[in-house]
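Q: everything below, folded, please.
(one chain, ligands or ions: 1)
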Amino acid sequence: MDSATVVQQLRSAYHSGKTRSVEYREKQLRNLLQLYEENHEEMARVLEIDLRKHKQEAYILEIDFLINDLRNIIFNFREWVKPEQPGKAMLNMMDKVFIYKDPYGVILVIGAWNYPLQVTLAPVAAAIAAGNCVLIKPSEVAPATSRFIAETIPKYLDQDCYRVVEGGVKETSELLQQKFDYIFFTGSGKVGRIVHQACNTNLTPCTLELGGKSPCFIDSTTDISIATKRILWGKFINAGQTCIAPDYILCSKAVQEQILEEARSILIEWYGEDPKNSPDLCRIINQGHFERLRRMIEGANVAIGGDIDSEEKYISPTILIDVEPEDAIMQDEIFGPILPIVNVEESHDAIEFINSRAPALVLYIFTQDKDLQEVFIHTTTSGGICLNDTILQFNVESLPFGGVGPSGMGAYHGKYGFDSFTHKKSCLMKDFNALGEKLASSRYPPYSDSKISFLATMMKKRQGFSVKFLPYLFMFVIGVGFALIGKNIMDAYY
Ligand code: NAD
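A: Numbers count the residues shown, from 1 in each chain. Here you go, the predicted structure:
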């Protein structure tokens with residue numbers, strides 16, 4: 001079936017109003033949970049096929065993440081769906097104002113290959129909760145996972161409203177020619193720009209979850225042993241193919257020496273003398289990416305690692321030193337198990353370095369100096385900032401996850417995902433009561449200065465409204481009421 005027909009069918013299903021019902025949404029969300037619960041072993045298996053991902057990484061970073069995120073959505077989404085009643089000005093005191101949570105309609109979710117289950121299905125759950133129909137396009141670069149999604153989704157979710165289209169550039173390009181009501185894309189900045197261009201054509205709102213180079217600053221006040229463990233884990237999970245991996249380290253030469261000493265023993269403790277034999281290290285996704293990474297090591301000053309095996313698409317955990325800001329490895333996202341160290345003497349040099357580059361998806365700062373932590377928080381820009389750890393910020397469901405500028409636009413996880421897929425429809429609800437009409441009637445001609453100043457007062461938004469003003473408000477309303485009654489009596493007699 002061609003993509004135009006699939007989108008057309010989803011649109012008809014959306015217009016049938018099925019997905020407006022919260023009971024229907026909950027049923028679909030529970031079905032998705034059932035999919036995870038009944039297929040988690042198969043999910044771990046396909047991740048192993050595509051990336052040689054160890055079960056522990058598969059569960060912690062993908063499967064359990066999806067399950068927890070979905071449970072949180074199921075538990076809370078009825079609350080999120082409720083219309084909000086925001087504050088209003090005096091002019092509207094007789095009116096009702098609401099913000100209704102409208103679904104957008106038909107959503108396209110385009111996934112990436114590195115966490116191919118998590119980045120594809122987490123947005124789907126949020127889009128379902130918000131009442132949308134969804135077309136899912138998993139990444140063809142993780143084919144076993146893509147097949148799994150295409151085969152299992154139809155068994156658990158209503159085919160009228162949720163569909164999967166598999167494919168690569170050609171199929172995605174065709175999809176992008178269709179009119180969607182929202183597009184959620186996870187992937188590279190290069191393709192993100194193509195998606196954004198397609199969104200421009202139809203003025204389609206979108207979320208772009210992109211990547212880039214996330215810096216990691218570390219100073220001498222840090223517990224270097226713990227910090228090194230946290231940085232290496234964040235870098236070498238999924239063989240460095242993680243959008244929020246610390247891309248490179250910024251530190252002084254003295255701190256670098258301590259990091260290298262710690263790293264040598266940590267890596268042996270984790271992966272043994274020859275990491276290639278460790279079952280805990282992923283492989284590079286394909287030959288193209290392997291070659292790209294191999295070239296980054298060639299000619300570099302390798303302090304640790306640097307072993308490669310083309311046949312297995314294996315690269316050992318590698319640390320590079322004497323790296324200069326102009327070096328090729330410092331230009332694009334590394335997306336592999338290679339960790340360059342760039343030397344900066346002072347924290348302000350690091351801030352200058354960070355601010356001279358594109359805003360990162362995440363900024364990692366390792367320091368126990370509380371004042372310096374504040375300086376980094378308030379003088380740099382990034383999608384998120386994580387102090388004294390790596391990766392785990394992504395697991396905090398109350399935090400929005402997303403980039404800024406070239407690292408992305410929009411955010412999701414928890415309620416932020418629901419909000420992304422929800423149009424906030426404003427509604428002013430008036431009736432024809434006399435007091436309301438009296439209050440607002442100054443807007444009518446003939447205009448006058450006194451009407452201008454009366455309306456200006458009435459239109460003032462109650463800023464920082466506090467209950468202590470309630471008696472005054474009550475007295476004002478009573479006063480206006482008496483004035484109106486008095487005027488009516490006077491009108492009746494004279
Ligand atoms: P990619 O941009 O190559 O592909 C992403 C998706 O776009 C795939 O589904 C692919 O089929 C499709 N696509 C590829 N080329 C296309 C084209 N020319 N036209 C239309 N569609 C096209 O990204 P990737 O290699 O799958 O993933 C790696 C990138 O994704 C990294 O930059 C990483 O940082 C980023 N990423 C970001 C997040 C995040 O949450 N911010 C998560 C995972 C990955």
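
Q: what is the burial count for whatever residue of the stretch 101-250 of the chain ends up closest to the ligand?
A: Residue nearest to the ligand within the stretch 101-250 of the chain (Cβ to the nearest ligand atom): Gly211, separated by 1.9 Å. Heads up, the C-betas are built off the backbone N, CA and C, glycines and all. Using other Cβ atoms under 10 Å, Gly211 has 27 neighbouring residues.

Q: now do it against Asn114, distance only.
A: Distance from Gly211 to Asn114, counting by Cβ to Cβ, to the nearest Å: 9 Å.

Q: picking that back up, quick check: the residue of the stretch 101-250 of the chain closest to the ligand touching Leu361?
A: Yes: at 6.2 Å, Gly211 counts as touching Leu361 under the criterion of Cβ atoms under 8 Å.

Q: what do the two both touch?
A: Taking Cβ atoms under 8 Å, 6 or more residues apart in numbering as the criterion, Gly211 and Leu361 both touch 243, 403, 407.

Q: so which of the residues you listed sit within strands?
A: Nothing among the shared contacts of Gly211 and Leu361 maps onto strands, per DSSP state E.

Q: residues of the stretch 301-450 of the chain that sit close to the ligand?
A: Applying Cβ under 6 Å from any ligand atom, we find that the stretch 301-450 of the chain lies next to the ligand at 333, 335, 361, 403, 408.

Q: for burial, what's the neighbour tally of Asp281?
A: Quick fix: residue 281 reads Leu, not Asp. The number of residues packed near Leu281 is 23, by other Cβ under 10 Å.

Q: you'd agree it is in a helix?
A: No: Leu281 sits outside any helix when classified using DSSP: H, G, I helix; E, B strand; the rest coil, being coil.

Q: skip the chain neighbours and tell me the closest residue to it.
A: Pro275 (5.7 Å; Cβ to Cβ, 6 or more residues apart in numbering).

Q: now do the contacts for the one you found.
A: Here Pro275 is in contact with 267, 281, 305, 307, 316-317 (Cβ under 8 Å, 6+ apart).

Q: one more: Leu363?
A: By Cβ under 8 Å, 6+ apart, the neighbours of Leu363 are 214-215, 217, 354, 376, 380, 382, 384-386.

Q: how about the residues of the stretch 151-300 of the chain by the ligand?
A: So far as Cβ under 6 Å from any ligand atom goes, the stretch 151-300 of the chain lies against the ligand at 168-169, 172-173, 186-188, 191, 194, 209-211, 243.

Q: among those residues, the buried ones, what's the PyMOL command?
A: Those of those that count as buried under 16 or more other Cβ atoms under 10 Å are selected in PyMOL with:
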select buried, resi 172+186+187+188+191+194+209+210+211+243
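
Q: ok so, going back, Throw the shared contacts of Gly211 and Leu361 into a markdown table and include distance to Arg45 and pLDDT, thanks.
A: Listed next are the shared contacts of Gly211 and Leu361 as a markdown table, based on distance: Cβ to Cβ, whole Å; pLDDT from 0 to 100:
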| residue | distance to Arg45 | pLDDT |
| --- | --- | --- |
| Cys243 | 24 | 97 |
| Gly403 | 31 | 98 |
| Ser407 | 32 | 98 |
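
Q: out of those residues, which is nearest to Ala456?
A: Gly403 (41.4 Å; Cβ to Cβ).

Q: helix, strand, or coil at Tyr447?
A: Using three-state DSSP as the criterion, the local structure at Tyr447 reads coil.

Q: isn't Leu293 right up against Ile315?
A: Yes: at 5.7 Å, Leu293 counts as touching Ile315 under the criterion of Cβ under 8 Å.

Q: shared neighbours of those two, anything?
A: 284, 336-338.

Q: if you look at these, which of them are in strands?
A: Those of the shared contacts of Leu293 and Ile315 mapping onto strands are Ile338, per DSSP E.

Q: from the shared contacts of Leu293 and Ile315, which two are the most distant?
A: Ile284 and Ile338 (10.8 Å).

Q: identify the contacts common to these two.
A: With Cβ under 8 Å, 6+ apart as the test, Ile284 and Ile338 both reach 293, 315.

Q: verify the stated contact: Ala440 with Leu91.
A: Yes: using Cβ under 8 Å, Ala440 is in contact with Leu91, at 6.1 Å.

Q: settle it for me: which of Leu293 and Ile315 has more neighbours?
A: More neighbours surround Ile315 than the other of Leu293 and Ile315, with 28 against 23 (other Cβ under 10 Å).

Q: isn't that one up against Arg295?
A: No: with contact defined as Cβ under 8 Å, Ile315 does not reach Arg295; the gap is 11.5 Å.

Q: the strand or helix carrying Ala44 near the ligand anywhere?
A: Assigned by DSSP states H and E, Ala44 belongs to helix 22-51. No: shown here: helix 22-51 not in contact with the ligand (Cβ under 6 Å from any ligand atom), separated by at least 11.6 Å.
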